[in-house]
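A.B. asks: Quick one: sequence plus predicted model below, questions after.
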Amino acid sequence: MAKLRLEITKGEEIRYISHLDYASAMERAIIRAKLPAAYSEGFNPHMKISFASALAVGVTSQAEYIDVEFKEEVELSQAVVRLTQSLPPGIKIKGARYMYGNVPALMAIVNLATYEVTMPLLAEDIGVIEDSIRWFNEAETVPYTRESPKGRKEIEVKQYMAQAVKIIILEKAVRLMIDIKITPTGSVKPGEVVAALVDMFDLPVDIDNLLIHRTGLYICDEKRTVSPIEC
Amino acid sequence: MITLDPAMLNRVIKPARYTGNEWNSIKKDHDKVNVTVALSLPDVYEVGMSNLGLKILYQILNNRTDTAAERVYAPWVDMESEMRARNIPLFTLESLKPVSEFDVVGFSLQYEMSYSNVLNMLDLAGIPLFTAERNEKMPIIVGGGPCTFNAEPVADFFDCLILGEGEEVMEDLIEAVSAWKQSGKADGRVGLLKKIAKIEGIYVPSLYDVTYHNDGTVAKIVPNCSDAPAIVTKRVVKDLNTVEYATRPIVPFLDIVHDRIMLELFRGCTRGCRFCQAGVLYRPVRERRPEVLLKMAKEMVDSTGYNEISLTSLSSADYSCLPDLVQSLVDDLKEQGVSVSLPSLRIDSFSIELAQKVQQVRKSGLTFAPEAGSQRMRDVINKGVTEQNLEDAVSAAFQAGWSTVKLYFMMGLPTETDEDVLEIANLAYKVLDLYKKITGRRGAKVTVSVSCFVPKPHTPFQWFPQNHASEFERKQQLLKAKLRDRNITFNWHDARTSFLEGAFARGDRRLGQVLLKAWQNGARFDGWSEYFKYDVWIDAFKASDLDPYFYATRERSFEEVMPWDHLSSGATKDFLQREYQQAVQEELTCDCRREKCSACGVCPGLGVEVLDWGNKA
């Protein structure tokens, strides 16, 4: 048994596929690469593969992490070459290493996600934008009502903010840098942060055309912030 | 190239239906090819992507360096309204280019209820609906698939229709289009269509005139020029071992209807069920050699990464070398976690040993299709299986640990009585009792699916009246009342959808007007119950002064000219009439490849022969 940890992307070409579909695209690539993936026992065997954090439909990422269990260890560069040739457009391998010993699940250790959200501006006046971001950052609380097929839920956005939201003004667009805590009791989505900014702080942007990009997933404690491939 | 803005894609469900980039999809530079083809199935992505014929054509056409083949499916209603609101024309998934810019647009016509989607897609593409209204700059609109054997209801909308297997004829068509383009489109569109009409297996409806009797029946369908043959006969591939197969199928990101490798063991079926159109259209049986299949299966696993292979054919258990093939597949692919499945099993050729073999990796329920409840009815349809066959198959399955069984039936078959219908319920209970008897426990799950029988052209039942929708509904209630057991799930088809399917299946060219009106009044995705608008269709019949009952529920005489008499499957009318009479007399006709030839006329007529490797080797 060997556990391979990969740092991979979800690019523009596959922006609109769901997390489940992204996961099966990886599984199929692993089969095509003829890597010796391990399968669970039982009625419905499935590949032993786990992700750090699900990515929503419409979101791209430069830093996704997965662990794949192999029945035997394949030389690392070999494994990477074979897999690279089997990956669909939009998935690239940025890092790979074998994990040894008792490795805790990615999902259990990743606690910070960073995003860039880019969307068209609806106002000329840069000051308006800066104000609304500042008010958001200074607010003690930002209540937000999450509506999902399961129903409505009140969440407090600010408890999940790891950093103040930063902005870059682009030509006719604005980019927000949003760092979000992932906690055992939940998190907030970058789209929800933007919705709160628009609804409650009058951020003048075309929210329909927002593009979300995940820039990093981290394991963060008092001492340091590292990515799962560096830990 | 069309740009799809995020606001649009963020708003529709399953946006990945429209964004392409799937593994094995092929993008070519259009400036470097002679002919561009948009391959389509007029239904949503998940349905269209599951069609084997289109997968094969995609590979064959893209193997040609002079051709680029791309895909387009019907946008779901949410995407359609986004596209219409933004004036985005129908586009292909590979190049995101407008479909109207392609040389050829091919629609696979699998099902009559998808016709409204053809019109809608042409309209979304900005292509005139009628062949008569198209000019030299517009694509050639081609139809293929089983519905082309009576595509008269859509004849006015198609430039040409391909009868039979597309592998070879599609290449002939591409050659013709390529030559026509290089000639500077000599003699215009009509010039091309006249050339195409000479290709065996291609029907150019505009080159035929139809006349009608006063009673509404067809008087004559005759060519209006010397280029068109009086009868168009289907194309068949003589040897499936040498023809290209879809060994590098596109692997979708979305979960599609048949999301697995499809390994086609053979074409055709010689069982001779009298309701079955496919059994006639795909004759004769031509098996692939097991070593060819094994090689193709490995290639497909390597090229796709799928972990499931479905052994597809009209009756896969009839493959003469099945046990050995399954054993080899399981042996060779088990290590890679690949499972093998047989989609539905005939109860007489069912072998528990085989079923266990295919279930080694994943275990699912078993599906059987007795088709009718009573023995008398099964004799009428020439199903040729007995209640004992079902009992044996189900008993063996229960003994081996299965507890879930699906049973498929039809209602409204010719000569059917209420007693025949109620026998369906008796069979279901018998299966439950067998489980109790064998395992000593209750708790088997039986699903009974009953569809409404639609008489189809080119079958022995083409002269029979279809049941009225109200009659179907009455029979459904009759059965429902009998199937009150929590271990039995009863599914049935919408009778009104089947009624319209029946009208179009045996319809003539005048139904084009009905289709046009129904589409104009909002009909689309008629095969999807949530979008099926029955009243729109009935109103369209009224407005066209045509009667759907005339087409669906009327009994025809042997003398009547059928709207599809100029389209030949190779099976003779004599054969079909003989089978009709056998049906009424409840007499069976044997399997022509295992016993004696039933003289359907296909083999001598088309110069092909049955290929059965178990008998020949």
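C.D. replies: Received the coordinates, thanks. Numbers count the residues shown, from 1 in each chain, chains lettered A, B, ... in the order given.
A.B. asks: and the residue in chain A that chain B sits nearest to, how far is that from residue A:79?
C.D. replies: Using CB to the nearest CB, the closest approach of chain A to chain B is made by residue A:28 at 3.1 Å. In this view, the C-beta of every residue, glycine as well, is placed from N, C-alpha and C. From residue A:28 across to residue A:79, the span is 16 Å (CB to CB, to the nearest Å).
A.B. asks: which ones are touching the residue of chain A closest to chain B?
C.D. replies: For residue A:28, the contact set (CB atoms under 8 Å, 6 or more residues apart in numbering or on different chains) comprises B:23, B:251, B:304-306.
A.B. asks: distance of the closest residue to chain A within the stretch 151-300 of chain B from residue B:62?
C.D. replies: Closest residue of the stretch 151-300 of chain B to chain A, CB to the nearest CB: residue B:253 (4.3 Å). Counting by CB to CB, the separation of residue B:253 from residue B:62 is 20 Å.
A.B. asks: out of the two, which sits in the busier spot?
C.D. replies: Neighbours per residue (other CB atoms under 10 Å in any protein chain shown) separate residue B:253 from residue B:62, with residue B:253 holding more: 25 against 21.
A.B. asks: three-state assignment of that one?
C.D. replies: Assigned by DSSP: H, G, I helix; E, B strand; the rest coil, the conformation of residue B:253 is coil.
A.B. asks: tell me what whichever strand or helix holds residue B:376 is packed against?
C.D. replies: For residue B:376, the element it lies in under DSSP states H and E is helix B:375-380. When contacts are defined as 3 or more CB pairs under 8 Å, 6 or more residues apart in numbering or on different chains; DSSP states H and E, helix B:375-380 packs onto helix B:418-439.
A.B. asks: residues from the stretch 251-400 of chain B in reach of chain A?
C.D. replies: B:251, B:253-255, B:301-307, B:336-337, B:361-363 (CB under 8 Å from any CB of the partner chain).
A.B. asks: Burial check on residue B:216, number of neighbours?
C.D. replies: Around residue B:216 there are 13 residues (other CB under 10 Å).
A.B. asks: re earlier: specify the local secondary structure of the residue of chain A closest to chain B.
C.D. replies: Applying three-state DSSP: residue A:28 is helix.
A.B. asks: and the gap between it and residue A:87?
C.D. replies: Applying CB to CB, the value for residue A:28 to residue A:87 is 10 Å.
A.B. asks: Most neighbours among the contacts of residue A:28, which one?
C.D. replies: residue B:305 (26 neighbours).
A.B. asks: nearest residue to it other than its sequence neighbours?
C.D. replies: Distances taken as CB to CB, 6 or more residues apart in numbering or on different chains put residue A:28 closest to residue B:305, at 3.1 Å, once the chain neighbours are dropped.
A.B. asks: can you list the weak-confidence ranges in the stretch 451-600 of chain B?
C.D. replies: Scanning the stretch 451-600 of chain B for pLDDT under 70 picks out nothing.
A.B. asks: Now do the helices in it.
C.D. replies: Using DSSP state H, counting those that start in this stretch, the helices of the stretch 451-600 of chain B run over residues B:469-482, B:495-505, B:511-520, B:534-543, B:548-552, B:573-584.
A.B. asks: Get me the contact residues on chain B for chain A.
C.D. replies: Residues of chain B lying near chain A (CB under 8 Å from any CB): B:5-7, B:9-11, B:15-16, B:18-19, B:21-23, B:251, B:253-255, B:301-307, B:336-337, B:361-363.
A.B. asks: hmm, which of the residues you listed are the buried ones?
C.D. replies: B:6-7, B:9-10, B:15-16, B:18-19, B:21-23, B:251, B:253-254, B:301-307, B:336-337, B:361, B:363 (16 or more other CB atoms under 10 Å in any protein chain shown).
A.B. asks: one step back: ok, now how distant is the residue of chain A closest to chain B from residue B:511?
C.D. replies: Residue A:28 is 43 Å from residue B:511, by CB to CB.
A.B. asks: in stretch A:17-26, what counts as buried?
C.D. replies: A:17-19, A:21-26.
A.B. asks: ok, residues contacting that stretch?
C.D. replies: By CB under 8 Å, 6+ apart, stretch A:17-26 touches A:8, A:10, A:14, A:49, A:51, A:54-57, A:64, A:66, A:88, A:91, B:16, B:23, B:253-255.
A.B. asks: Now a ChimeraX select for only the buried ones of these.
C.D. replies: Here is the ChimeraX command that selects only those of the contacts of stretch A:17-26 that count as buried (16+ other CB under 10 Å):
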select /A:8,10,14,49,51,55,57,64,66,88,91 /B:16,23,253,254
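A.B. asks: In chain B, what residue comes closest to chain A?
C.D. replies: Taking CB to the nearest CB, chain B has residue B:305 as its residue nearest chain A, at 3.1 Å.
A.B. asks: Excluding chain neighbours, what is closest to the spatially most central residue of chain B?
C.D. replies: By CA atoms, centre = their mean, chain B has its centre lying nearest to residue B:110, at 4.0 Å. Leaving aside its sequence neighbours, residue B:110 sits nearest to residue B:145 (CB to CB, 6+ apart; 5.1 Å).
A.B. asks: gap between the one you found and residue B:114?
C.D. replies: 10 Å.
A.B. asks: Give me whichever of the helices of the stretch 451-600 of chain B is most buried.
C.D. replies: Ranked by mean neighbour count, the helices of the stretch 451-600 of chain B are led by helix B:495-505 with a mean of 23 (mean count of other CB atoms under 10 Å in any protein chain shown).
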